[in-house]
Structure formats: C-alpha cells, structure tokens
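Colleague: quick one, fold the following:
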Amino acid sequence: MAVGGSPSNQVGGEAILEALGYKQELARAVSVLGTIALVVSDITPTASLLVIGPVVLATAGSGAVWAYLIGCFIAVSVALCMGELGSMFPVAGGLYSIVTRVLGKPVGFLAMLDYIGQAIFLPASVAIGIGVYVQALNPGIPSNIAAGVVMVLVTIVALLRINFNAVLTAFFLLLELIVVSVLALAGFTHIQQPITILTHPVLADGSAVGVALIFTAVATAMFSVNGYDSAINFSEETEGSAAHVGQAVVTAALIGIAFELIPFIGVVFGAPDLSKFLGSPTPLTDVARSAFGNTFVNLITYGAILAIFNASLAITLQFSRIVWSSGRDRAWPGPISDALATVHPRLRSPWVATLFVGGMATILCLQSTLVTVVTFTAVLLILLYALIALSALVSRVRQTNLPRPWRMSFWPVPPIIALVGTVVAITQQKPSDLLIVGAIIVAGLIYYFAYLKPREATHWNMDISAADELARLHAQS
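Modeller: I've put the predicted structure just below:
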C-alpha cells in the first residue's frame, strides 16, 4: 500500500488500456521500481535545486523557503489527485487524457495544448541550467551552446528502449541524490542565518518581501518539484496492475519533494552572506564552497551536470510520450498525427515525437534565457494542476461507477487544497505570461471548434464513453 491511499483492485493496466480503445503499442517492460526511478529523475531534485531554486530565490529572497513549503504542500495534494485519476486512466497522454475523460473534449484539448507547451519549454529550462554550471567550470564555453549540445545528446539517448533508459536514469539518480544530500549537509552543518530570515524575509537588496511576492514564487516552487505526473505518461510501459500507477505517482512525489525541500532549507540557513547568496546565479554551490572548499565544489558541480543531464533525459522521455499520444488521439491534421504516432518497430519508442521534443528544446536552448522559460512554463503547469484538481472533484461525483484501482485518502480535502492553491498562485503571475497563456487558450478553442469539432468522427476521437467496459473489469476483479 502506498502512502496517501490504497489499491482497491488489481485490474491490469493493459486491460484498462484496451477498454479505453487503445492497442498496446509501446513495450510494457518497466517494473514499478523502474518507473519510480524514471519519475524521481523527472522530478530531478538536483537539477531543480540548482536550476530552478535560484529563480525562486531571485523572486522571493529568503521568503523562498515559505514559497517552497507552500508549493510542496499543494504539490502533495495534487499528487494524490493524480494518483487516483491516473490509475483510472493509465494512458500515455497522462493529464490531458484524464481531463478529457472527466471534463469533456473541449477542455481536454486545451489541457493537451498546455501539456504540449510544457513539452516544448520544460526540457529546455533544465538544459539551459546545465549550461550555467558548465560555464561556472569553464567561463570560455557559452552557456547556451553547452545547453544545446546537451539536448542533442539527450535526444539521441531518448530514442533507445525504455527499459535501457530506466536503468540508466536509476544509475544517475543515485548520483543525484548523493549530490543533494551533500548540499543539505553543507547547509545544516554550517548554520549561519537566524530564524528572522523567515519571520522577516528580505530580498538581495535588503528590502522586505510581502505575501504577494511569496505567492508569486509559489508557482515556480511547484514547477521545481513537478514531474510526478510522468508516472501516468509511462503507464503504458509499466508492468502490473493499474494501481501501481497511483502508487508510483505518490511515492515518487514524496521522495522527490523530500530530497528538494530539506536541502533547500538547509542551504538557505547555511548562507554565510545572505545578500550575496540571494543575488548569486549559483547560490547553492556557493554555500557548499564556503563549507568544504573549491575542490569539493568542483566535484559537486561535475555531479550536478550529470544529474541535470539525467533530468533532461527523463523529461524528454516523458514529453515524447505525450506528443506521441496526441498524434494517436488525432489532435492534428492527418499527416502530422500519423507521423507523431509512429513507433520504432525495433526499439518500441515514439521516435518522431522524441525528435520533435528534443529538436524544439535544442532551438530554445540556443535562443532563450532561463528566467523567461521558467516563469512562463510555471504558469502552464499550475493551470494544468488546477484542471486536475477540478477533475478529481468532478470524477467522484459524476463517475461513481468507474473503478478506482488506487484511491486517495481524505477526499475531498486534497483536491480542494490543490484547487485553491493553484488559483491563488495563478493570480500572482506576470501579466505578460498570463496574456500569452490566454492567447493560447483562445487560439486552441478556435482550432477545436473550427477544425476538430466538424471532424469528430476521425479527429480527437478518444473514447470517453467506456464506462460500461471499465465497470465490467472492476466487477471481474
């Protein structure tokens, strides 16, 4: 039994997949532990702390600790919602497949567009971060070029078999957890700051941090611990019952959050000079340098680069499954959908979708800045989280006869917390980011009603009326 819920039956993931109208095309070759390794690698504690953490610190100063605490609390609530819904609909489309089957096809299509936006921007946000640390070791290497080279290598590896990638990410994950543990040790064994940095949080220039600024940073903090939804995206390649999907979501979320939140708090309190720490592009390794010296930090930085590579790989694997699923669900004109839905006959990987995700991320690495990519992607993320929280409420009311292989505890508290938290966080984001997301929503609705709706027999043709077949599976189990 996983923390936060329980399996209610042992319906196989492949049986539910077929009941939903899909064929088993990807290789179901990853164990539950392998999936958890992939998912925690997707959450990527090291990459998130070293790449996203500085953005949270730049936004909220020492109030970033509060932003992380609030963001992680909301994230656990979201994970509980995802665990239950993901076990009901264990499909590679993940969150957009869930929203479509609970809230309807128009809203589901907007959720898919949101996910595709993340597929384009999120891998780049991590890879750009690797360029920062490569440049820290060798200032002569342009960070964007380094990030682009990393994305090319990641894309090549992501084309290989999923079971190979699960083993590879598990190996790098072990290294990653060692790195964040050392960062936590550097902070907690060299406490320099008083508790007043929390009771009276400040920015790098010494000015006070208000509640609104903390909530602005909550979205980025939630982005930092994001990735546990990938257990659903890998569900068509995970062995065993659909309950394992819910278990993997919540277990991976708790592991990833713990290995981010605890080191982050330790490093903030271990900063020898708070103003310099908050203004540094590499604040976390700066604390390790003051605690253990330059040679040790260089070793940590090499480890961090490998960990960030691992994160880029896991994220690319996840989003290539989402893009592949959008082609299978006929979200695009015929030739585009056919191409994206292609599976390599020998490697059993969605190779065209993988090349799309890797190619777009490589282009962004060469053109974008880290802060721009992170803040915009965070808005996409919390909007999709809000839809999932709403789905978790609506599903229990409207889909009472559907099997829930893994059920969250304390319903309806988690979805209410998640919904309120995400709505508050959305209201505090940059107007420019909100306007861009608003424009995407308007364009998506126009495309849906002008192109997809008239062609609903052949496009965006997910079976959302499989209740009887799913109920039969539940009765048989």
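Colleague: helices along the stretch 201-350 of the chain, start to end?
Modeller: Along the stretch 201-350 of the chain, the segments classed as helices by DSSP state H, counting those that start in this stretch run 211-224, 230-233, 243-269, 274-279, 283-292, 294-328, 334-340.
Colleague: got the contact list for the second one?
Modeller: It stands for helix 230-233. With contact meaning C-beta atoms under 8 Å, 6 or more residues apart in numbering, helix 230-233 is reached by 35-36, 38-39, 42, 82, 86, 89-95, 97-98, 238, 245, 248-249, 252, 314-315, 317-319, 321-322. Where you see a C-beta, it was placed from the backbone N, CA and C, and this is true even at glycine.
Colleague: and Ala47, which of the helices of the stretch 201-350 of the chain is closest to it?
Modeller: The stretch from the helices of the stretch 201-350 of the chain with the least distance to Ala47 (C-beta to C-beta) is helix 294-328; that distance is 3.7 Å.
Colleague: between the closest one and helix 283-292, how many degrees?
Modeller: Helix 294-328 and helix 283-292 are oriented at 150 degrees to each other (axes from the mean of the first three to the mean of the last three C-alpha atoms, to 10 degrees).
Colleague: identify the residues contacting the spatially most central residue of the chain.
Modeller: Closest to where the C-alpha atoms of the chain average out (C-alpha atoms, centre = their mean) is Gly227, at 2.5 Å. With contacts defined as C-beta under 8 Å, 6+ apart, Gly227 is in contact with Val39, Val40, Asp42, Ile43, Thr44, Ala252, Gly256, Ala314, Ile315, Gln318.
Colleague: right, and Phe215 touches Val423 too?
Modeller: No: using C-beta atoms under 8 Å, Phe215 is not in contact with Val423, being 10.8 Å away.
Colleague: the more surrounded of these two?
Modeller: Neighbours per residue, other C-beta atoms under 10 Å: of Phe215 and Val423, the larger number sits with Phe215, 22 against 14.
Colleague: find the nearest non-adjacent residue to the more buried one, please.
Modeller: Excluding its sequence neighbours, the residue lying closest to Phe215 (C-beta to C-beta, 6 or more residues apart in numbering) is Gln428, at 4.4 Å.
Colleague: likewise for Asp205?
Modeller: Closest residue in space to Asp205, ignoring its immediate chain neighbours: Ser275 at 7.5 Å, by C-beta to C-beta, 6+ apart.
Colleague: which ones are touching that neighbour?
Modeller: Ala204, Asp205, Gly206.
Colleague: filter those residues down to the buried ones.
Modeller: Among the contacts of Ser275, those classed as buried by neighbour count (16 or more other C-beta atoms under 10 Å) are Ala204.
Colleague: and the contacts of Ser275 as CSV, adding pLDDT and distance to Leu57?
Modeller: Converted to CSV, those look like this (pLDDT from 0 to 100; distance: C-beta to C-beta, whole Å):
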residue, pLDDT, distance to Leu57
Ala204, 90, 8
Asp205, 90, 13
Gly206, 90, 15
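Colleague: of the contacts of Ser275, closest to Arg396?
Modeller: Ala204 (45.3 Å).
Colleague: isn't that closest one right next to Gly279, touching?
Modeller: Yes: using C-beta under 8 Å, Ala204 is in contact with Gly279, at 3.9 Å.
Colleague: who touches both of the two?
Modeller: Residues touching both Ala204 and Gly279 (C-beta under 8 Å, 6+ apart) are Ala58.
Colleague: still on that earlier bit, mind checking which of the contacts of Ser275 are in strands?
Modeller: Applying DSSP state E to the contacts of Ser275, no entry is found in strands.
Colleague: just send the contacts of Ser275 back as a markdown table, with distance to Ile178 too.
Modeller: Output for those, formatted as a markdown table (distance: C-beta to C-beta, whole Å):
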| residue | distance to Ile178 |
| --- | --- |
| Ala204 | 30 |
| Asp205 | 35 |
| Gly206 | 35 |
